[in-house]
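Chemist: Return a 3D structure for these sequence lines:
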Amino acid sequence: MTRPSAAPDANGSGASDRFGTGPAATSDHPVPGPGSVPAADTAASGGPGRHAAATRGSDRFEQVLESLRTQIRDLRFADGLPAAEEGRVLQADVLAQLSDYVLPRVRRPDIPLLIAVAGSTGAGKSTLVNSLVGEQVTTTGVRRPTTNSPVLACNPADVDWFSEASFIPALPRVRQQGLAMPGKDGMLVLAASEAMPRGVALLDTPDVDSAVAAHHEFAAKFLDAADLWVFVTTSTRYADARVWEFLQVARDRDTSLAVVLSRVPRKGRRQLLDHFGAMLEANGLGGAARFAIPETDQVRGERFTANVADPIRTYLADVAGEADQRDRVSRRTFVGVIDSFRSRVPELARQVEAQVEAGRVLSGAVDDAYAQARRHVDAGLADGSLLSGSLLARWQEVAASGELARSLRLRGRRARRRRAESLERGQRVGALEEAVRDSLSALVVSASERAGHEIEARWREMPGGEELAEKARALPGGGLLAQRFRKELAEWQSEIAEMTAASGATKRSVARFVTFDHDIVALVLIMDLLGYERSRSGGGAHAAESSGPSPQRLLKGLFGAQSLRSMGTAARDNLRGRIEALLAQERAPFDSTLASAGIPSEDSAVQLYQATYNLEISR
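Modeler: Numbering: from 1, shown residues only. This is a model prediction of the structure:
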């Protein structure tokens with residue numbers, strides 16, 4: 001990288017033919033630019049104790065950074081939900097800078113200084129890079145965007161620093177052989193040149209405002225990994241929003257920065273420069289080095305002729321020509337990046353919290369809906385409201401037919417003369433049994449369906465919730481509730497019949513002379529559990545005299561009050577347990593959908609806040 005012949009070197013002793021007149025940065029002369037590594041300066045003062053303390057401090061700092069990187073890398077965001085896109089962008093941004101810039105410089109502080117030349121489409125970045133190097137290392141042209149792949153120029157001795165193992169490992173790269181040729185999109189071209197001094201690398205990046213989204217994403221990635229930005233924009237594009245988005249990032253991170261305004265026409269030159277300078281001042285970038293390149297056709301061999309690029313070359317020689325100068329530049333950018341984590345990591349934690357809150361709202365909708373379903377079922381089981389319509393009619397038929405009285409059979413010969421009547425009795429009892437199952441199924445199915453509709457309605461109120469509702473609907477687990485519940489009811493009724501058989505008629509005065517049909521008595525007990533007495537106290541058709549004897553009065557006569565209460569409690573708890581299990585199956589698709597959505601845990605946000613604190617303590 002040649003230096004203008006008229007420019008004095010760092011010692012003011014005249015011209016130099018290379019960019020950088022002092023010793024190159026090598027492993028024997030490390031640049032501790034990442035100098036926020038604890039105790040790095042004390043290590044240089046000598047003494048084994050100080051050196052050991054510095055090493056321990058550096059190790060602790062690296063461990064804290066590695067822990068932070070792991071936490072950020074492992075974060076997951078749920079697609080479509082609030083803060084998902086913002087969280088992922090910020091996650092990728094911080095993770096890339098930790099992986100591609102911070103940790104490499106902590107581990108190897110003698111890494112070459114990376115100068116990224118970035119900026120607007122058509123600003124002449126590639127021409128400027130070729131001019132600064134002193135030979136063609138990157139292609140230029142009229143096609144826009146010209147730089148479809150980033151090109152990194154460095155001394156052949158430094159090229160291994162930028163291999164896949166050391167520099168942005170996820171990015172494929174190729175080593176340039178001979179004349180500069182464009183690479184493939186997304187591939188880093190390594191251009192080794194003897195014209196580049198050791199310890200410095202120049203990177204020609206894709207346009208930050210390219211119509212190709214991948215180009216400005218690559219530009220951002222490389223700027224995150226650079227020590228010094230040379231930002232080039234034109235006299236017609238310097239006010240574009242995209243330009244200032246990148247410049248404000250440099251400001252917020254206190255990145256070492258030089259700004260070049262290119263293609264400046266002679267007419268109105270002063271006004272343009274003044275306006276551009278005012279915009280820099282207004283955006284907190286008044287301290288950035290500023291350069292202007294006139295509108296010129298003085299380009300030969302894809303480089304500027306004459307002295308067009310000399311002021312920029314001189315500036316770079318002054319700030320990066322010597323190892324200690326490179327150290328100052330690198331240290332400023334490194335400290336600025338670490339300082340930026342004070343706000344960027346907590347902001348990432350807030351995006352995590354926004355997702356956690358979204359998950360809480362979604363899961364709360366499921367909990368609320370099924371809690372309401374349980375309350376609805378409990379009320380329907382207790383208040384006698386089921387004893388109407390078909391169920392009441394079937395009960396009245398059984399009661400009016402004398403079936404209940406005939407189910408109580410005297411022991412002995414007369415108790416064995418009922419076979420002729422069994423068919424007719426079975427039809428009436430079967431109809432009552434079917435009506436009981438229909439009423440209970442309708443109660444539970446309607447409560448569950450209402451819960452599902454309520455959940456879907458509340459989920460759809462949230463961005464991304466509709467997609468989750470569709471996923472839940474498509475999952476197996478729910479459905480066929482009526483069939484499953486009728487099977488549960490049949491088993492429940494059988495268990496009640498077994499319970500009455502095990503208890504028997506407990507009143508000795510009755511048990512001595514009477515036996516009974518346990519299936520019918522189980523139905524009588526079910527009618528009592530469904531609130532028959534409460535329904536009669538409310539009046540209406542079901543309170544008529546034709547409704548027959550009270551189920552509770554009949555059961556007390558057989559079992560006694562205490563035994564009846566015990567059986568009633570056991571039967572009621574058994575039914576509730578079965579209903580709870582079925583409702584849990586019905587809500588399972590909603591729970592599974594949330595569990596697989598990738599919503600982060602609340603602990604993730606807490607850990608990020610803690611990591612920010614740990615980083616401050618370790619500095």
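
Chemist: residues of stretch 375-390 that come out buried?
Modeler: Judged by neighbour count using 16 or more other C-beta atoms under 10 Å, the buried positions of stretch 375-390 are His376, Val377, Gly380, Leu381, Gly384, Ser385, Leu386, Leu387. Any C-beta I mention is one placed from the backbone N, CA and C, and that applies to glycine too.

Chemist: what's the closest of these to Phe246?
Modeler: Within the buried residues of stretch 375-390, the smallest distance to Phe246 is 57.8 Å, found for His376 (C-beta to C-beta).

Chemist: Turn the buried residues of stretch 375-390 into a markdown table, including distance to Ser120 and pLDDT.
Modeler: Formatted as a markdown table, the buried residues of stretch 375-390 follow (distance: C-beta to C-beta, whole Å; pLDDT from 0 to 100):
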| residue | distance to Ser120 | pLDDT |
| --- | --- | --- |
| His376 | 64 | 95 |
| Val377 | 66 | 94 |
| Gly380 | 70 | 90 |
| Leu381 | 73 | 89 |
| Gly384 | 79 | 82 |
| Ser385 | 74 | 84 |
| Leu386 | 75 | 86 |
| Leu387 | 80 | 80 |
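
Chemist: what's the closest of the residues you listed to Ala123?
Modeler: Taking C-beta to C-beta as the measure, Ala123 lies nearest His376 of those, at 68.1 Å.

Chemist: Identify the residues contacting that closest one.
Modeler: Counting by C-beta atoms under 8 Å, 6 or more residues apart in numbering, His376 touches Leu443, Ala447, Arg450.

Chemist: Please report the distance of it from Glu454.
Modeler: 11 Å (C-beta to C-beta, to the nearest Å).

Chemist: returning to that earlier point: could the contacts of His376 be laid out in CSV, adding secondary structure?
Modeler: Below are the contacts of His376 laid out as CSV (DSSP: H, G, I helix; E, B strand; the rest coil):
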residue, secondary structure
Leu443, helix
Ala447, helix
Arg450, helix
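
Chemist: buried subset of those residues?
Modeler: Applying 16+ other C-beta under 10 Å to these, the neighbour count classes Leu443, Ala447 as buried.

Chemist: Lys267 belongs to a helix?
Modeler: No: counting by three-state DSSP, one finds Lys267 to be coil, located in no helix.

Chemist: pretty sure Pro265 contacts Ile293?
Modeler: No: the criterion here is C-beta atoms under 8 Å, and Pro265 misses it with Ile293 at 11.4 Å.

Chemist: So for the two, which residue has more residues nearby?
Modeler: Neighbour tally, Pro265 and Ile293, criterion other C-beta atoms under 10 Å: the higher count belongs to Ile293, 23 against 11.

Chemist: What residues does that one make contact with?
Modeler: Contact analysis of Ile293 by C-beta under 8 Å, 6+ apart lists Gly124, Leu128, Val260, Leu261, Ser262, Arg263, Val264, Phe304, Val308, Ala309.

Chemist: May I ask which of those has the most neighbours?
Modeler: Neighbour counts for the contacts of Ile293 peak at Leu128, which has 28 neighbours (criterion: other C-beta under 10 Å).

Chemist: Three-state assignment for it, please.
Modeler: Leu128 carries the three-state label helix when classified by three-state DSSP.

Chemist: what about Ala292, which helix or strand?
Modeler: In this structure, Ala292 is located in strand 289-294 according to DSSP states H and E.

Chemist: residue boundaries of the helices in the stretch 351-500 of the chain?
Modeler: Counting by DSSP state H, counting those that start in this stretch, the stretch 351-500 of the chain has these helices, from start to end: 389-400, 403-407, 422-460, 465-474, 481-503.

Chemist: Nearest to Phe276 among those would be which one?
Modeler: Of all the helices of the stretch 351-500 of the chain, helix 465-474 sits nearest to Phe276, with 46.0 Å by C-beta to C-beta.
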